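> no sequence on this one, just coordinates:
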């Protein structure tokens, strides 16, 4: 059993079925005064990077202050529309069962996500997954730009060595970041990336999803 299991959120533990994009566009318009015409690629990226590149697409100067204001707006929208998120989205099959089983076996769990922290907390709470997580030991968009930086932040906060941690994610960025910091990487093909591409990227184990609790636990514990 690893000492620490770190989880990506979107498309690994849950799906928001389009509402995340709606809230993002609303927050963008609130802080820039510009209607979103085009959004930068979101797969495996962080809100900080997505905002910066999207601002450039709209000829809007980027600054740290813009990110702080955007994060505040996006977090508030998630809080205000949490009920809608619960109705439209869902935890992915097996997610809650795997988290519960790992907790029963004594594993510490947290998140490494490109979401801002408040949005991550709302998402986890509305789908009943927050109670399994030590959220203060995780890493969020406020902590850096890439998965490598975020993973290092989470490991530092949890005081766990990379060799004692496992990272579960669904994108090539998750896989690459995990390999760079030296954690075991379990990839799930529940997002936009195929199992074959995740395997080619170097993931130690690739799963179709978390519905098979026994198989998921075996992959994480290996």
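Now that the structure is in, tell me what you want to look at. Predicted model, so just to flag it, every value in this text is computed and none were measured.
> use CA for all of it now, contacts and neighbours both
Noted.
> would you mark the buried spots in stretch 145-158?
Buried residues in stretch 145-158, counted by 16 or more other Cα atoms under 10 Å: 145, 146, 147, 148, 149, 150, 151, 152, 153, 154, 155, 158.
> of all those residues, which two lie farthest apart?
The span of the buried residues of stretch 145-158, defined through Cα to Cα, is set by 145 and 158 at 19.6 Å.
> show me the chain divided up by domain.
As given by automatic domain parsing, the domain ranges for the chain are 4-15+90-221, 19-85.
> winner for burial among these?
domain 4-15+90-221 (a mean of 20; mean count of other Cα atoms under 10 Å).
> give me the residues contacting the helix ranked longest in the chain.
Once the chain is assigned using DSSP state H, the helix that runs over the most residues is helix 64-80. Helix 64-80 has contacts (Cα atoms under 8 Å, 6 or more residues apart in numbering) with 23-24, 27-28, 30-31, 48, 51, 85, 116-119, 122-123.
> quick one: mean pLDDT for it?
When pLDDT is averaged along helix 64-80, the result is 97.
> swap in stretch 197-217?
For stretch 197-217, the mean pLDDT works out to 98.
> again, but for stretch 167-181
Averaging pLDDT along stretch 167-181 gives 97.
> can you check stretch 45-55 too?
95.
> what's stretch 16-33 in contact with?
Residues from elsewhere that reach stretch 16-33, judged by Cα under 8 Å, 6+ apart: 10, 34-36, 60, 66, 69-70, 73-74, 77-78, 85, 88-90.
> can you give me the helices for this protein?
19-32, 47-57, 64-80, 82-88, 95-104, 117-126, 147-158, 172-181, 195-200, 213-221.
> so which elements touch the last one?
Contact here means 3 or more Cα pairs under 8 Å, 6 or more residues apart in numbering; DSSP states H and E; on that basis helix 213-221 packs against helix 95-104.
> can we see that at 10 Å?
The helices and strands touching helix 213-221, judged by 3 or more Cα pairs under 10 Å, 6 or more residues apart in numbering; DSSP states H and E, are helix 95-104, strand 165-169, strand 184-188, strand 205-207.
> for residue 56, find the nearest of these.
Evaluated over the helices and strands packed on helix 213-221, closeness to residue 56 peaks at strand 165-169, with 28.0 Å, by Cα to Cα.
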